[in-house]
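Student: generate coordinates for the sequence data below:
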Amino acid sequence: MIAEPLPIPESVRRLGVRATQPFKRYAESAWRASAPAWEAARTFYEKREPREKLLLGVAGGLVAVLLLYNLIYSPIVGLQESLATRVASRHSDLIDLHGLMRTYGRLQQELAQAQTRTVPDKANFSLFSIIEQTLTQSVGRERIGSITPTDREVSGGFREYQIDIKLNSITLPQVVDTLFGVQSLGIPVTVSNLQLHQHSNDTRSYDVDMSCMALAKNG
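Tutor: Okay, here's the model as predicted:
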């Protein structure tokens, strides 16, 4: 048994009528204004020959197609292209974000490794003495032009110790021995800069500028 639809309350029906009254007035006004033009067009069409009516029908169809293309199809295509561009832009932003996250993770790992490569006993540490002893063994004291120590506080609660070194007229094997000696120390010392200049009086020897660096925790 099919249930009968519920009757629409009178108050709702009256409200709907009142709401549609302005639209009805506008529609009636528009129809009255365009009625003469439509009547003239219909009269003109009825007086045409069959072949002219066919041409008018084709022209009307073309106009309708152009209107549909410009008013409906073209805006929809433009909206789709805009959405595709926005999606591609968001996809590119997502790729960049993933790259930044990978870089951040790598930097975190490097920071953790740097924190483990610190001087264990800051109170009894002298980078100057260690480097001087190493250079004396590898090239001899007479080849040491200068050893200049500096230190400064860096971010993360560390102190950076640096030694700037000038070596005069040493051979390439001595350069290798010097680097090996620094890297073989029992403490984490890094060669942060190395420059070789051919000695002016001996083409087989070099003047060397190098810097060594070590980190220690403050406190």
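
Student: could you say which helix or strand holds the residue positioned nearest the centre of the chain?
Tutor: With distances taken as C-alpha atoms, centre = their mean, the residue of the chain nearest its centroid is Asp96 (3.7 Å). Using DSSP states H and E, Asp96 sits within helix 74-116.

Student: C-terminal to the helix-or-strand element of the chain with minimal mean pLDDT, what's the next element?
Tutor: The least trusted helix or strand in the chain, going by mean pLDDT, DSSP states H and E, turns out to be helix 10-46, with a mean of 66. Where DSSP H and E defines the elements, the next helix or strand beyond helix 10-46 is helix 50-68.

Student: alpha carbons of that following helix, as CSV, please.
Tutor: The C-alpha trace of helix 50-68 is given here as CSV (Å, rounded to 0.1, in the frame of the first residue of the first chain):
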residue,chain,number,x,y,z
PRO,A,50,12.5,26.8,-47.3
ARG,A,51,16.1,27.3,-48.3
GLU,A,52,16.4,30.5,-46.4
LYS,A,53,14.8,28.9,-43.4
LEU,A,54,17.4,26.1,-43.6
LEU,A,55,20.2,28.7,-43.7
LEU,A,56,18.6,30.6,-40.8
GLY,A,57,18.4,27.3,-38.8
VAL,A,58,22.1,26.6,-39.5
ALA,A,59,23.0,30.1,-38.4
GLY,A,60,20.9,29.8,-35.3
GLY,A,61,22.6,26.5,-34.5
LEU,A,62,26.0,28.1,-34.9
VAL,A,63,25.1,30.9,-32.6
ALA,A,64,23.8,28.5,-30.0
VAL,A,65,27.0,26.5,-30.2
LEU,A,66,29.1,29.7,-29.8
LEU,A,67,27.0,30.7,-26.8
LEU,A,68,27.4,27.3,-25.2
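
Student: name the helices or strands packed onto that helix?
Tutor: With contacts defined as 3 or more C-beta pairs under 8 Å, 6 or more residues apart in numbering; DSSP states H and E, helix 50-68 has no helix or strand neighbours. C-betas here are computed from N, CA, C, even on glycine.

Student: how big is the angle separating it from helix 74-116?
Tutor: Put simply, helix 50-68 runs at 20 degrees to helix 74-116, going by axes from the mean of the first three to the mean of the last three C-alpha atoms, to 10 degrees.

Student: centre of the chain to helix 50-68, how far?
Tutor: Put simply, helix 50-68 sits 54 Å off its chain's centre (C-alpha atoms, centre = their mean, to the nearest Å).

Student: do stretch 211-219 as well
Tutor: 34 Å.

Student: for that stretch, which positions count as buried?
Tutor: For stretch 211-219, burial by neighbour count (16 or more other C-beta atoms under 10 Å) applies to 211-216.

Student: what sits up against it?
Tutor: 114, 117-119, 122, 125, 127, 131, 153-154, 157-165, 182, 187-194 (C-beta atoms under 8 Å, 6 or more residues apart in numbering).

Student: which of these are buried?
Tutor: 119, 125, 127, 131, 158-159, 161-163, 165, 182, 189.

Student: out of those residues, list just those in helices.
Tutor: Of the buried ones among the contacts of stretch 211-219, the ones assigned to helices by DSSP state H are 127, 131, 182.

Student: where's the first one relative to Arg48, distance?
Tutor: Translated: Leu127. Distance of Leu127 to Arg48, given as C-beta to C-beta, to the nearest Å: 105 Å.
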